[in-house]
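Chemist: from the sequence below, what's the structure:
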Amino acid sequence: MTALLAPLASRPVAARIAVRGAVQGTGFRPFVFRLAEALGLAGSVRNTPAGVLIEAEGPEERVAELARRLEREAPPAAVVRDVAVEWVPAAGAGRFAILDSETGAEPVVAMLPDLATCPDCLRELGDPDDRRYRYPFLNCTACGPRLSIIEGLPYDRPLTVMRAFALCPDCAAEYGDPRDRRFHAQPVACPRCGPKLTFEGRDRDAPPGATYPLEAAAAVVRSGRILAVKGLGGYQLLVDARDGAAVARLRARKGREAKPFAVMFPGLDAVRRAARVGEREAELLTSPSAPILLLPLVDRGAISPECAPGLHAVGAMLPYSPLHHLLLERLGFPVVCTSGNFSEEPMAIDADDARARLGVIADAFLHHDRPIARPVDDSVARVVDGELLVMRRARGFAPLPVAVTGDLPTVRALGGHLKNAVAWSHGDAIVASQHVGDLDHRLSLEALNRTVRDYERLYGWKPVAVACDLHPDYATTRLAEASGLPVIRVQHHHAHVASALAEHDLAGEVLGVAWDGTGLGTDGTIWGGEFLRAGAADFARVARLRPFPLPGGDAAARQPWRSALGVLHETVGEAMWDLDVVPVAEARGRREVLASLLRSPGGVRTSSAGRLFDAVAALLGLRQESRYEAQAAMLLEQIAAPVAAGAYPFVLREAAGEGGGLVEIDWRPVVRGVLADVARGTAAPIVAGRFHATMARTIGATAEWMGIPRVVLTGGCFQNAALLSLAARELRARRLTVITHCRVPPNDGGLAVGQAMVAAHRLLEGRG
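Modeler: Take a look at the predicted model:
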């Protein structure tokens, strides 16, 4: 928002204009220069640790016009947070100039994410008369690496990895010309002075007939072998997505049994031939963020089923760097493009690490000599009811700040154990790191620690406290306890709700519907189907799904049949053993042990919505063993048919034996309805559709009972597009305001943002 303060005199002739936001490295200064020249203004513009500072002199109405147009006409990559104008005495400047960056103060400027190749650079890439024709590292102020090359702030070439590449005269001229779109484009380079590719086969030689590293690399993929490519933010593994045997080899070598692979297509038309692409999807695929986008397949022969076993969808992406564009142009077919690592390890980012860790996976390497400052994976998103829903926040989105109202203390929030990312509250923003990953591996923990040190060094932050989950066995909890800082523990589902409050900069009370797999509750039990009356600092649990036994505890996350047995036992008791459903049939050989676990008063019980979805998937025979997180629930969502009628009954009542009037959703009539449909042979898609519709209705009915007008839908279950869409429709039909996630993931990848929000507000209230 532009704030025009009162002038010092009736016709001031100078103003100091401070622009905050993600504006450095976007071509913002040359944009200001050209705008000032067009308006006939004198003065200067420079980068500062806080953003961009403009001193403008000239007729009052033209200075005011400059201020108004800064936000309205800013470069596409820029994110302008606010524009503050202060009228000052004129200094008598004779012309407008771009000055060197101001340094010394604590940086508060936002770092930019890595951005996909812009249309202007793409035209140059394919122009035989351009000196950067087919150069794999061309870029300008509108595109190219940012987060992956920054080593210090403000964002200037000497504080990036590009300082190792001295500019040739032609590049230096562009870099120094304010009228050129490469003015102060920090990664600017060309074939004479910039990074170069090298090919390395198992025998260190190129394939026969290959005279250029890209040709050699393309030959490897064409032959059905696995190629490791050093991309923008780390190494990636590529293989022909049409070749089932090649994809299976990649799965076996990488240790990724069944989890879907992302597929990079040569162009948007190729994606459209394979999958359903709407206007919004096309816009996102070709945007500067260029995420992996989940799309329904329409031509199942376009890629091998091995890319996503059992699923009728694809994680589609387009080439987003010049290197990817050149390689896919040569291939002309879709390729699996997955992180260069063993499953659940961090990405390799340098050649020695890639050789050591990926040598048993890849048949060849395509290296380059531009260093990578930190690993940055690809973002994953989907479109629900025309709106973006980011599920993994990394390239293209991180680390853009979440703007909040107020002046928050600096808190380090360590996030959860799965889908980890770190976040910091500081002033009027919460900054979340790029995706780190699951923390079951030593290398992942090392990556988390590096990320913490990295951001705090770059920004000069000194946290006053550290926030973490309630769970005592999370690696992040142990790190918090060992930090030497005051520890603020934030309940898992409150953090989910608070992450949405932060994303939308909401104050006051909401009803948070936090549905996921599991999270430790304040009562020591496993929560996951929660309704919280929540604000930024506090919450009260006001409703939940009825708890059920979970034989085997955490094992149920990978074995949906266990959740099914718990649900059946809660619904029909010992009569479950006489039911003709798959989970019971498979468990009868262990009946005695399992029956004891189910009856045990000290056994694990949960209110988890995620486990309830798993249970219904198992009852329909879709999956008894999940080979990756949420596989059973994903299959249930995939087959769910839209239903106009026939939703199952459910009961809302106050929970027996619970103080404080806790409302309970009794889903047992839902399960009886599912069993009856299964027994009469109702098609599984109809049952799945009725179940989704019913669960959405439970949300609407419970929210109406609570009478809180704003409702947040959060937690991993709301990655399910069918549930999210149906629940939003139910709530709006009851005239309630629906708040959903967009750029902060609803899953555990958003926990750190919520933890930072809660901890900072508790500190503001004088509580730790």
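Chemist: in this structure, which residue is closest to the centre?
Modeler: Note on the chain: the residue nearest the mean C-alpha position is Arg393, at 1.8 Å, using Cα atoms, centre = their mean.
Chemist: if I look at it, how far off is Leu597?
Modeler: Distance of Arg393 to Leu597, given as Cβ to Cβ, to the nearest Å: 38 Å. Any C-beta I mention is one placed from the backbone N, CA and C, and that applies to glycine too.
Chemist: longest single helix anywhere in the protein?
Modeler: Looking across the chain with DSSP state H, the single longest helix is helix 684-706.
Chemist: buried set for that one?
Modeler: Using 16 or more other Cβ atoms under 10 Å as the test for burial, helix 684-706 gives 684-700, 702-704, 706.
Chemist: and Gly660, what pLDDT?
Modeler: Note on Gly660: pLDDT of 68.
Chemist: please read the previous query as pertaining to Gln24.
Modeler: Residue-level pLDDT assigned to Gln24 equals 81.
Chemist: pretty sure it is touching Ala50, no?
Modeler: No. With contact defined as Cβ atoms under 8 Å, Gln24 does not count as touching Ala50 (10.4 Å).
Chemist: comparing those two, which residue is more hemmed in?
Modeler: Neighbours per residue (other Cβ atoms under 10 Å) separate Gln24 from Ala50, with Gln24 holding more: 28 against 16.
Chemist: now that one: how far from Gly233?
Modeler: Distance, Gln24 to Gly233, using Cβ to Cβ: 19 Å.
Chemist: what's the answer for Val497, then?
Modeler: Taken as Cβ to Cβ, the span from Val497 to Gly233 is 31 Å.
Chemist: the more surrounded of these two?
Modeler: Counted by other Cβ under 10 Å, Val497 and Gly233 do not tie: Val497 has more neighbours, with 30 against 26.
Chemist: contact partners for that one?
Modeler: Applying Cβ atoms under 8 Å, 6 or more residues apart in numbering to Val497 gives the contacts Val510, Gly512, Ala514, Leu532, Ala534, Phe539, Val712, Thr714, Gly754.
Chemist: burial of the second one, as a residue count?
Modeler: When you say that, I think you mean Gly512. Neighbour count of Gly512, defined by other Cβ under 10 Å: 30.
Chemist: would you agree it falls within a helix?
Modeler: No. Gly512 is assigned strand when assessed by DSSP: H, G, I helix; E, B strand; the rest coil, not a helix.
Chemist: wait, it sits on Ala495?
Modeler: No. Under the criterion of Cβ under 8 Å, Gly512 makes no contact with Ala495, lying 10.2 Å away.
Chemist: can you map out the strands along the stretch 451-600 of the chain?
Modeler: With DSSP state E, counting those that start in this stretch as the criterion, the stretch 451-600 of the chain has strands at 465-469, 487-490, 510-520, 526-534, 539-545, 548-549.
Chemist: what's the answer for the stretch 101-250 of the chain, then?
Modeler: Assigned strands in the stretch 101-250 of the chain, in chain order: 197-201, 227-230, 235-240 (criterion: DSSP E, counting those that start in this stretch).
Chemist: okay if I get those as a markdown table plus mean neighbour count and distance to Pro547?
Modeler: Shown next, in a markdown table, are the strands of the stretch 101-250 of the chain (neighbours: other Cβ atoms under 10 Å; distance: least, Cβ to Cβ, whole Å):
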| stretch | mean neighbour count | distance to Pro547 |
| --- | --- | --- |
| strand 197-201 | 19 | 56 |
| strand 227-230 | 26 | 47 |
| strand 235-240 | 26 | 42 |
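Chemist: can you redo the ones you listed as CSV with distance to Arg355?
Modeler: Shown next, in CSV, are those (distance: least, Cβ to Cβ, whole Å):
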stretch, distance to Arg355
strand 197-201, 8
strand 227-230, 9
strand 235-240, 10
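Chemist: can you put the ones you listed in a markdown table and add distance to Lys419 and mean pLDDT?
Modeler: As requested, those are arranged in a markdown table below (distance: least, Cβ to Cβ, whole Å; pLDDT from 0 to 100):
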| stretch | distance to Lys419 | mean pLDDT |
| --- | --- | --- |
| strand 197-201 | 33 | 95 |
| strand 227-230 | 24 | 98 |
| strand 235-240 | 19 | 98 |
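Chemist: and stretch 419-430, how far out from the chain middle?
Modeler: 14 Å (Cα atoms, centre = their mean, to the nearest Å).
Chemist: buried stuff in that stretch?
Modeler: Neighbour-count burial for stretch 419-430 flags Lys419, Asn420, Ala421, Val422, Ala423, Trp424, Ser425, His426, Asp428, Ala429, Ile430 (criterion: 16+ other Cβ under 10 Å).
Chemist: could you pull up the mean pLDDT of the helix or strand following the longest helix of the chain?
Modeler: Helices and strands here follow DSSP states H and E; after helix 684-706, the next one along the chain is strand 710-714. The pLDDT scores in strand 710-714 average 98.
Chemist: list the contacts of strand 710-714.
Modeler: Contact with strand 710-714 is made by 496-497, 499-501, 506, 508-515, 534, 699, 703, 724, 727-728, 731, 736-741, 746, 750, as judged by Cβ under 8 Å, 6+ apart.
Chemist: can you flag the buried ones in these?
Modeler: In those, burial by neighbour count holds for 496-497, 499-501, 506, 509-515, 534, 699, 703, 724, 727-728, 731, 736, 738-741, 746, 750, counting by 16+ other Cβ under 10 Å.
Chemist: can you list the domains in the chain?
Modeler: Annotated domains of the chain cover 2-98, 119-175, 197-368, 387-502+749-764, 526-535+541-744 [automatic domain parsing].
Chemist: which among those domains is found nearest to Ala189?
Modeler: Between Ala189 and the domains of the chain, the shortest gap by Cβ to Cβ is with domain 119-175, which sits at 5.4 Å.
Chemist: before we move on, back to that, wait, which of the contacts of Val497 is closest to Asp578?
Modeler: Ala514 (35.9 Å).
Chemist: how many other residues sit next to the closest residue to the closest one other than its chain neighbours?
Modeler: Using Cβ to Cβ, 6 or more residues apart in numbering and skipping the chain neighbours, the partner closest in space to Ala514 is His493 (3.7 Å). By the measure other Cβ under 10 Å, the count of residues near His493 is 31.
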